[in-house]
Each structure stands twice: as structure tokens, then as C-alpha cells.
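1. 3D, please:
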Amino acid sequence: MPLLIVSGASGVGKSTVCHHLLGKLDDVVLLDSDILWRPEFDRPEDHYRDFFETWLRVCKNISQSGQPVVLFGAGIGVPENMEPCVEWRYFSELCYLALTCKDDVLVERLQRRPQGSKSREPAYIKTHVQFNRWFQEHGSQAQPAVELLDTTGLSIEKTTGMVAAWIGRKLEYYTRPKGSDHASSV
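-> Numbering: from 1, shown residues only. Okay, the predicted model is just below:
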């Protein structure tokens, strides 16, 4: 089975979409990568490799039960972070979708977070605006390519529906009965 990854900068709507999809998609396991973050993983010098390998190992074990996994998180959506990992060999492919939005919208969303939140700090905002731009400017040229969904101006319901449709399209090939590679005429 493939591993489906929904990514993007902080503030684009990943966690909100994951939360809204809970209970609506019975054929996949939805996970938010933030739940396993620990200070020991904060190692930029090795590109956070232990964090990514840990998540791939968790997803591998879940998918071996027959349930595909959709993993939501920021850095996991950068192919160069995931593709070198040893554990990805247990998946047929890694499929990437990045949620993006316009810079001013991202800044506004991050500034609306609760007082005292790290995500309201100027340096944090600057980093995530740059990360958002990376997806917009380089995601489609990454290997494999990262599909983009601009959430600017979309309601959470519309965004959630579009992410659910992406998940459905990606899994359709793997759930199609063997020998039905061609559409049947009705």
C-alpha cells in the first residue's frame, strides 16, 4: 500500500483538516505527526531523520494490518526528508499533498493563535512563510512531485472535501479488484 502524506507550513490547515476527517473516512487511519514529537527528535543536523524513520515504522506497522495510513505533518511532506529513509521501502510509494495559502493569510492565521504561542513569534512566522513558499515554488518539481492545494479563500468544509477526494483518488488503484485495470463499459 502507499503512504499518503498531507503536509504544509504551520497554519495552512493540516491539523484542522485531519480533525474534520476523523469519523468520516472509515477505510484509512489518520495520524497527526505532532503527537510523537519530542525534544530528542529536534536534530536539524541530521535532518530530523529519527523522527521521520519513527513515523515510517509506525505507519508501516499500521498498514500491515490492511488499513492505509494518511499522515499529516509539516516536514514529512518534503520528499528529500522521507525518500532516503530506510523504512519507506515497506510502501509501494509515498504520495504527497501540501496545503498552501497566500503569505498574508498564513501570517494572519498564525497571529490568531493563542497568546503565548510560539507560532505568534515573528521568527516562527517568517520560517513558516518561507516553508509555505518552498512548497509553492518547488513542490511540483520535487521527486516525487508534491501536489498542491491552495486553501486561501476555501472553507474548512471545502478543504476537507478536497483532501478526502485526493485520498480517495490515491487509494482507488490499490482497492480496485485485481484484473480491473480498465474501466468497464456499462
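2. and the longest strand for the protein?
-> strand 94-100 (DSSP state E).
3. Could you give the average pLDDT over it?
-> For strand 94-100, mean pLDDT rounds to 97.
4. elements contacting the longest helix along the chain?
-> Longest helix in the chain by number of residues (criterion: DSSP state H): helix 156-175. Judged by 3 or more Cβ pairs under 8 Å, 6 or more residues apart in numbering; DSSP states H and E, helix 156-175 is in contact with strand 3-7, helix 14-21, strand 94-100, strand 146-150. Yep, even glycine has a C-beta here, placed from its N, CA and C like the rest.
5. on that earlier part again, how far off centre is the helix or strand following the longest strand of the chain?
-> As assigned by DSSP states H and E, the chain's next helix or strand after strand 94-100 is helix 103-111. In terms of Cα atoms, centre = their mean, to the nearest Å, the centre of helix 103-111 is set 19 Å apart from its chain centre.
6. Just want the angle from the next helix or strand after helix 103-111 to helix 103-111.
-> Where DSSP H and E defines the elements, the next helix or strand beyond helix 103-111 is helix 122-138. Put simply, helix 122-138 runs at 140 degrees to helix 103-111, going by axes from the mean of the first three to the mean of the last three Cα atoms, to 10 degrees.
7. Restrict helix 122-138 to CA atoms and write it as CSV.
-> Extracted in CSV, the C-alpha atoms of helix 122-138 (Å, rounded to 0.1, in the frame of the first residue of the first chain):
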residue,chain,number,x,y,z
PRO,A,122,8.0,36.9,14.3
ALA,A,123,10.9,34.4,13.7
TYR,A,124,8.5,31.5,13.7
ILE,A,125,6.1,33.2,11.3
LYS,A,126,9.0,34.1,8.9
THR,A,127,10.2,30.5,8.9
HIS,A,128,6.7,29.2,8.0
VAL,A,129,6.1,31.8,5.4
GLN,A,130,9.4,30.6,3.7
PHE,A,131,8.4,27.0,4.1
ASN,A,132,5.0,27.7,2.5
ARG,A,133,6.8,29.4,-0.4
TRP,A,134,9.1,26.4,-0.8
PHE,A,135,6.0,24.2,-1.5
GLN,A,136,4.6,26.7,-3.9
GLU,A,137,7.8,27.3,-5.8
HIS,A,138,9.5,23.8,-5.6
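8. Tell me what angle that helix forms with strand 146-150.
-> Per the same axes, to 10 degrees, the angle that helix 122-138 makes with strand 146-150 is 120 degrees.
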